[in-house]
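>>> missing the sequence, but the structure's below:
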């Protein structure tokens, strides 16, 4: 057999582009980028069979830093773009990357419906509880008493929302939380998320070293969750509602809903739809 | 007596500026400490500065 016919082996480096990240030194997103490339290498996915889609934000720059197909899209709209891509090309492994601002505020509605549709996507949210790219304002996951922004000098006074509980209620099929302080664990969780059918949400606590420097302490605060994965949504909800957000490193919920499949017959013709609206 | 950066390095660049000996250089895939320059911060600080700032604890003592 011809030696050239032998399947080449991919290393994590093969999934990195030549573009040097412009993130601040020490940013947690470096860890997530490393974790994504390590996960893809562990699965030996051919780079041309993977796509990374993002919206806007520091963490949304990831498609530029990978060598796989990518689309750096419109703010908050990464999930609809990825949904369309996955439905048109179900053979691709589609990852979506972004932050808490992109995903949970401007993209909040798309987040709900991506969970509900349960298309086979892996959504990696780098949560740093701040809008970093616009120089540090409160986000939907910021604590109400955070006084670090001149826009909210006495804190926002608004409670953060809980993305994992929301995802569970909206129908996400895989929910995990991990910490950028352990990139190998993040890689393992991403691998599991890719393998699990349907919509997977991976929340990564990823410190913003510039606008939330106190988050550098997260690496000492996080602890490995002492729970086993459950397929019982009520049990998962109870666990998530009662934890403090720093139980990491484990898959918390794996559902068994089948992933969304597009209409096999291709839907109805536009003319048929138009006929319904004819006056 | 020196430190080294292991394969867990995420190349985040945070350690380079912290080193009082300018012993850390960008490498591929991991950053590299020049053992001839590294003093583990003795004489400068109480603790090795790169270890303190490394977000993924990838800096460890150089194996003898």
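Perfect, thanks for sending it. Given the structure is predicted, the values throughout are model-derived calculations rather than measurements.
>>> Could you give the number of residues near residue A:74?
Counted by other Cβ atoms under 10 Å in any protein chain shown, the residues lying close to residue A:74 total 14. C-beta: built from backbone N, CA, C; applies to glycine.
>>> looking at this, it is in a helix?
No - using DSSP: H, G, I helix; E, B strand; the rest coil, the assignment for residue A:74 is coil, not a helix.
>>> Pretty sure it sits against residue A:53.
No - contact criterion Cβ atoms under 8 Å: residue A:74 and residue A:53 do not qualify, at 10.8 Å.
>>> so what's in contact with those two at the same time?
Overlap of the contact sets of residue A:74 and residue A:53 (by Cβ atoms under 8 Å, 6 or more residues apart in numbering or on different chains) consists of residue A:81.
>>> Spell out which residues of chain A are next to chain B.
Contacts of chain A with chain B, taken as Cβ under 8 Å from any Cβ of the partner chain, map to A:12-13, A:23, A:25-28, A:30-31, A:33-34, A:180-184, A:207, A:209, A:216, A:219.
>>> which of these count as buried?
A:12, A:23, A:25-28, A:30-31, A:33-34, A:180-184, A:207, A:209, A:216, A:219 (16 or more other Cβ atoms under 10 Å in any protein chain shown).
>>> what's the closest residue to residue A:112 other than its chain neighbours in contact with, if anything?
Using Cβ to Cβ, 6 or more residues apart in numbering or on different chains and skipping residues adjacent in sequence, the residue nearest residue A:112 is residue A:170, 4.8 Å away. Contacts here follow Cβ under 8 Å, 6+ apart; on that basis residue A:170 touches A:111, A:112, A:113, A:115, A:116.
>>> and the residues you listed, which of them are in helices?
Among these, the members falling in helices (DSSP state H) are A:111, A:112, A:113, A:115, A:116.
>>> between those, which is nearest residue A:260?
Distance to residue A:260 across the ones in helices among the contacts of residue A:170 (Cβ to Cβ) is lowest for residue A:116, with 9.4 Å.
>>> Spatially nearest residue to that closest one, not counting backbone neighbours?
Residue A:116's closest residue in space is residue A:171 (Cβ to Cβ, 6+ apart), at 4.7 Å.
>>> my read: that neighbour touches residue A:115, true?
Yes - here residue A:171 reaches residue A:115: they are 4.9 Å apart, a contact under Cβ under 8 Å.
>>> Name the residue in the two with the higher neighbour count.
More crowded of residue A:171 and residue A:115, by other Cβ under 10 Å: residue A:115, with 25 against 18.
>>> show me where pLDDT drops low in the chain?
Using chain A. For chain A, residues meeting the criterion pLDDT under 70 lie at A:1-6.
>>> look at chain B instead
B:64.
>>> which residues does residue 21 contact?
Defaulting to chain A. So residue A:21 contacts A:27, A:29, A:30, A:33, A:61, A:65 (Cβ under 8 Å, 6+ apart).
>>> should've been chain B
B:37, B:38, B:39, B:44.
>>> One more pass at 6 Å, please.
B:37, B:39 (Cβ atoms under 6 Å, 6 or more residues apart in numbering or on different chains).
>>> The nearest residue to residue B:20 once chain neighbours are set aside: neighbouring residues, count only.
Of all residues not flanking residue B:20 in the chain, residue B:44 sits nearest, at 4.2 Å (Cβ to Cβ, 6+ apart). Residue neighbour count, defined by other Cβ under 10 Å, stands at 12 for residue B:44.
>>> quick one: residue B:44 from chain A, how far?
The gap separating residue B:44 from chain A is 19 Å, by Cβ to the nearest Cβ, to the nearest Å.
>>> repeat for residue B:51
For residue B:51, the distance to chain A - Cβ to the nearest Cβ - is 12 Å.
>>> tell me the SS of that residue?
helix.
>>> Contact partners for the residue most central in space within chain A?
Chain A has residue A:124 as the residue nearest its centroid, 1.6 Å off, counting by Cα atoms, centre = their mean. Listed by Cβ under 6 Å, 6+ apart, the contact set of residue A:124 reads A:97, A:202.
>>> Quick check: it vs chain B, distance?
15 Å.
>>> same question, residue A:140
24 Å.
>>> ok so, going back, so the residue nearest to the centre of chain A bridges to which residues?
residue A:97, residue A:202 (DSSP bridges).
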